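In: For reference, the sequence and a predicted model appear below.
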Amino acid sequence: MLKIRNLYAYYGSVTALSGVTCHIKEGEIVALIGANGAGKTTLLNAICGLVRKKGEVAFQGRDISGLSPERLVGLGISQVPEGRQLFAPMTVAENLELGAYLRAGRRARSEVASDLERIFGLFPVLQERQTQIAGTMSGGEQQMLAIARALMARPKLLLLDEPSLGLAPLVVENILATISRLKFEGMTLLLVEQNARAALKVAERAYVLETGRIIMSGNAQDLLADRQVTRAYLGRDYKEFTEGR
Amino acid sequence: MRQPQFEAITPEELELLQLERLQATLTRAYRQVRFYRQRFDAAGLTPESVRSPADLARFPCTTREDLSENYPYGLFAVPLKDIVRIISSPGTTDRPLVVGYDRQDVKLWLDLLARLYTAAGVTPEDIVQLVIPPGLANWRRDLMAGAEYLGASVIPPATLNFAKELMVMRDYKTSVLVTTPPLARHLLTVMDRMGLSPAELSLKKVLLVAAPLAAAVRREIETRLQVKIATAYGITEVMGPGLAYSCPADLGFHFSADHFYPEIIDPETGAVLPPGEEGELVITTLSTVAFPLVRFRSGDRTCLVADPCPCGRTLVRLGEIRGRVDELFSVGGIKVHPDQVRRLLEDMLGGHPPKFHWRVDTEEGLEILDLELIVEEDFFSDEIKALEGLCRQVRRHLQDHLGINSRVTLRELGEA
């Protein structure tokens, strides 16, 4: 579904990604894990056209490397950004309607209404709180709302940036269950997580990023047990590799 | 097919998967192994230099000598505490070649072995008997573990005499025999001697490993045992068997190109040769974690066959293994370098440089090293007994150190 080849991304003169190649197949949950600053969010932003980049990005066989973020949403790629980025002073319902901002016209209106139904089925708590001001909800509920808002654009591929950040363990479980359910409904997901354990539990495959390069990939189950992955987080010392030799 | 999503992958998907894994492997090798960092730096290359799998051709090759020089752990890419298996193979010098596996590598290795067995038509219902000589310790362990992983009933390799092995084969109703081509031929001669006919056995398949299989030998075994034959190709430095395996169509060895990247090079110039042209097989690991190998020169002479296989596997195939590009030779599947024999003899002759001739001979199907030692005045002994003792000693040494059977004769200098 998504194919990325030799992708470079820059912040000013800083190279944040140096030649990343990866892919996501339809219906998969793929996790992107790695330490702070490894380039995980940059990769999501590069896919969404939010940072300066060089390289090939193809979505459903079509080159999308030069497209604007709005065009990408129209094609079916939505991002749930880190820190939710909700419209805090607005109500839950208003936030959801804004998620469907690309869809205008009478016909779209009825579609949006039926999408709302479906989303309330997925997140009953949002239905109860339609009129609540988004900023006053708990972290977990806000995360649900952020995901729901992204779904209103009817994405084919959903990019999730740190959905578990700052949430209590029980709430994290809840979010993970939601992610699994989305997959069950046919969604394709790319999940960025610092909480590798959580990400590898729901994902089928994962890529491990380390300072702008993928250093490993594989089945989530296998990577969960791998010490290299732990090391990618805790930082490594060359000495560790040569000790006792 | 054990893993159709990979064994029958489309060429486009495979290319992307290879590139992903290749870039990750080169990055880990560069960041974690000093040898590779120095090599790449010296060539003015970084892992970023590979933008498509074909770019790998710009990278320097790794040889068995490089492995020896970094003995024992110099090429490991993870700390020793991550390593769960350390295996050695004889190599070409007096230092063995050491390869490490971490947990993920062991799992990959089992999956590859299961591919091999499945392609050979072996199922969990089969009774698999392994008759593999102790000198091929790595093949013994690998093929046993793989058959167990598949779920077959496994009769591990034993050090029984061949008549006993055949008795077990008959009485335990072995359906799959795993052995080497020379041992299979030897078993035929023992069967003749015992008056055992193939009809008394339950054998359906024979998997022949560790040595190239000549077409004539194959026909002989197939007709006399009335079985289907499968084969496999592997080298210990690159995970052993499972690297490449035959399929029911039997048109070469399907190479696990989703985990290992094959190239054929001209052994003289190093140039990469197109499919169909014969040269030296060079292998780069794409998935192994503990021991990444970048462009390892196998020494085996073969070619890549890219046209479609009727079995449905899309993985590229290795053609026939047509010998070596170096001096290594095989005695019953055990790889030997002439220098190893020379060093052994030199030790025994108290540092005296030996003169000798050798060739690989067959005795009742078994391969032996036929060694002719030139007797010089310096160690000439009139006593027949002492000379006999010398021959015995050389034989024992070759058995102990290299695990090979030999016949040793002495010849006086100048004798025709």
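Out: All right, it came through fine. Numbering: from 1, shown residues only, chains lettered A, B, ... in the order given.
In: where does the chain dip in pLDDT?
Out: Let's take chain A. Within chain A, the stretches with pLDDT under 70 are A:104-107, A:232-245.
In: Actually, chain B is the one I wanted.
Out: Chain B contains residues with pLDDT under 70 at B:377-383, B:414-416.
In: Tell me the residues of it that contact chain A?
Out: Contacts of chain B with chain A, taken as CB under 8 Å from any CB of the partner chain, map to B:16-17, B:19-21, B:23-24, B:27-28, B:31-34, B:47-48, B:51, B:72-74, B:76-82, B:102-104, B:107, B:287, B:289. Just so you know, the C-beta spots here come from the backbone N, C-alpha and C atoms, and that holds for glycine as well.
In: out of the residues you listed, which are inside strands?
Out: Applying DSSP state E to the residues of chain B next to chain A, the entries found in strands are B:D102.
In: quick one, what contacts the residue nearest in space to the middle of chain A?
Out: Centroid-nearest residue in chain A: A:L160, 1.7 Å away (criterion: CA atoms, centre = their mean). By CB atoms under 8 Å, 6 or more residues apart in numbering or on different chains, A:L160 lies in contact with A:79-80, A:147, A:179, A:189-192.
In: Mind picking the one among these that's closest to chain B?
Out: Lowest distance from chain B to the contacts of A:L160 (CB to the nearest CB) belongs to A:L190, with 14.6 Å.
In: what helix or strand does that closest one sit in?
Out: Secondary structure assignment for A:L190, by DSSP states H and E: strand A:188-193.
In: touching chain B at all, that strand?
Out: No - using CB under 8 Å from any CB, strand A:188-193 stays clear of chain B, coming no nearer than 14.6 Å.
In: and that strand, which strands flank it?
Out: Strand partners for strand A:188-193, identified by DSSP bridges, are recorded as strand A:29-34 (parallel), strand A:157-161 (parallel).
In: so where do the strands sit in chain A?
Out: Going by DSSP E, chain A shows strands at A:2-11, A:14-24, A:29-34, A:52-59, A:62-63, A:77-80, A:157-161, A:188-193, A:205-210, A:213-219.
In: Taking strand A:2-11 as reference, get the angle to the fourth one.
Out: Going by axes from the mean of the first three to the mean of the last three CA atoms, to 10 degrees, strand A:52-59 is angled at 170 degrees with respect to strand A:2-11.
In: Need the contact partners of strand A:52-59.
Out: With CB under 8 Å, 6+ apart as the criterion, strand A:52-59 contacts A:1-11, A:17, A:19-20, A:46-47, A:63-65, A:72, A:75-77, A:157.
In: how does it look with 10 Å?
Out: A:1-12, A:15-17, A:19-21, A:23-24, A:42-43, A:45-49, A:63-67, A:72, A:75-77, A:156-157, B:51 (CB atoms under 10 Å, 6 or more residues apart in numbering or on different chains).
In: Give the pairing partners of that strand; include direction for each.
Out: strand A:2-11 (antiparallel), strand A:62-63 (antiparallel).
In: buried sites along it?
Out: For strand A:52-59, burial by neighbour count (16 or more other CB atoms under 10 Å in any protein chain shown) applies to A:53, A:55, A:57, A:59.
In: show me what contacts whichever residue of the stretch 201-350 of chain B sits closest to chain A?
Out: Closest contact between the stretch 201-350 of chain B and chain A, by CB to the nearest CB, is at B:V289 (6.3 Å). Taking CB under 10 Å, 6+ apart as the criterion, B:V289 is in contact with A:216, A:218, A:222, A:226-228, B:24-25, B:28, B:77-78, B:82-83, B:100-105, B:108.
In: So what does it look like in phi/psi?
Out: phi -100, psi -50 (degrees, to the nearest 10).
In: same question, B:P4
Out: phi -60, psi -30.
In: I'd assumed B:R313 was in contact with it.
Out: Yes - with contact defined as CB atoms under 10 Å, B:P4 reaches B:R313; the gap is 8.6 Å.
In: Which of those two has more residues huddled nearby?
Out: The neighbour comparison of B:P4 against B:R313 (other CB atoms under 10 Å in any protein chain shown) goes to B:R313, with 23 against 11.
In: Helix or strand for that one, just tell me which one.
Out: Short version, using DSSP H and E: B:R313 is in no helix or strand.
In: thought it was touching B:A244?
Out: No - B:R313 is beyond contact range of B:A244, at 11.1 Å (criterion: CB under 10 Å).
In: Determine the three-state secondary structure at B:A216.
Out: Assigned with DSSP: H, G, I helix; E, B strand; the rest coil, B:A216 falls in the helix class.
In: okay, now it: neighbour count?
Out: Neighbour count for B:A216, taken as other CB under 10 Å: 8.
In: Next: A:E97.
Out: 16.
In: Please report phi then psi for residue 13.
Out: Unless you meant another one, I'm taking chain A. Per degrees, to the nearest 10, the backbone of A:S13 is at phi -90, psi 0.
In: B:T174 now?
Out: Note on B:T174: its backbone torsions stand at phi -60, psi 130 [degrees, to the nearest 10].
In: And for it, the neighbour number?
Out: B:T174, neighbours per other CB under 10 Å, totals 24.
In: one step back: shared neighbours of B:R313 and B:A244, anything?
Out: Residues touching both B:R313 and B:A244 (CB under 10 Å, 6+ apart) are B:254-255.
In: now the helices for chain A?
Out: Assigned by DSSP state H, the helices in chain A fall at A:40-47, A:69-75, A:92-99, A:106-122, A:124-128, A:139-151, A:169-184, A:196-202, A:220-224, A:227-234, A:238-242.
In: Could you pull out the buried residues of stretch B:99-115?
Out: The neighbour-count check on stretch B:99-115 (16+ other CB under 10 Å) flags B:99-105, B:107-115 as buried.
In: Then stretch B:406-416?
Out: B:406, B:408, B:410.
In: And the residues you listed, which is closest to chain A?
Out: The nearest one, if we look at these relative to chain A and count by CB to the nearest CB, is B:S406, at 36.2 Å.
In: So that closest one is in contact with B:F356, correct?
Out: No - applying CB under 10 Å as the test, B:S406 and B:F356 come out as separate, 11.2 Å apart.
In: Common neighbours of the two, please.
Out: In contact with both B:S406 and B:F356: B:341, B:371, B:394, using CB under 10 Å, 6+ apart.
In: among the buried residues of stretch B:99-115, which are in helices?
Out: Those of the buried residues of stretch B:99-115 lying in helices (DSSP H): B:103-105, B:107-115.
In: Tell me which two in those are the farthest apart.
Out: Greatest spacing in those, by CB to CB: B:R103 and B:R115 (19.3 Å).
In: Go ahead and confirm B:D111 touches B:G242.
Out: Yes - look at B:D111 against B:G242 with CB under 10 Å: they come within range, at 8.1 Å.
In: May I see the buried residues of stretch A:192-204?
Out: Within stretch A:192-204, the residues scored as buried using 16+ other CB under 10 Å are A:192-196, A:198-204.
In: what's the most distant pair in those residues?
Out: A:Q194 and A:E204 (19.4 Å).
In: Which stretches in the stretch 101-250 of chain B count as strands?
Out: Assigned by DSSP state E, counting those that start in this stretch, the strands in the stretch 101-250 of chain B fall at B:127-131, B:153-155, B:176-179, B:205-208, B:228-235, B:240-245.
In: Fine by me, thanks again.
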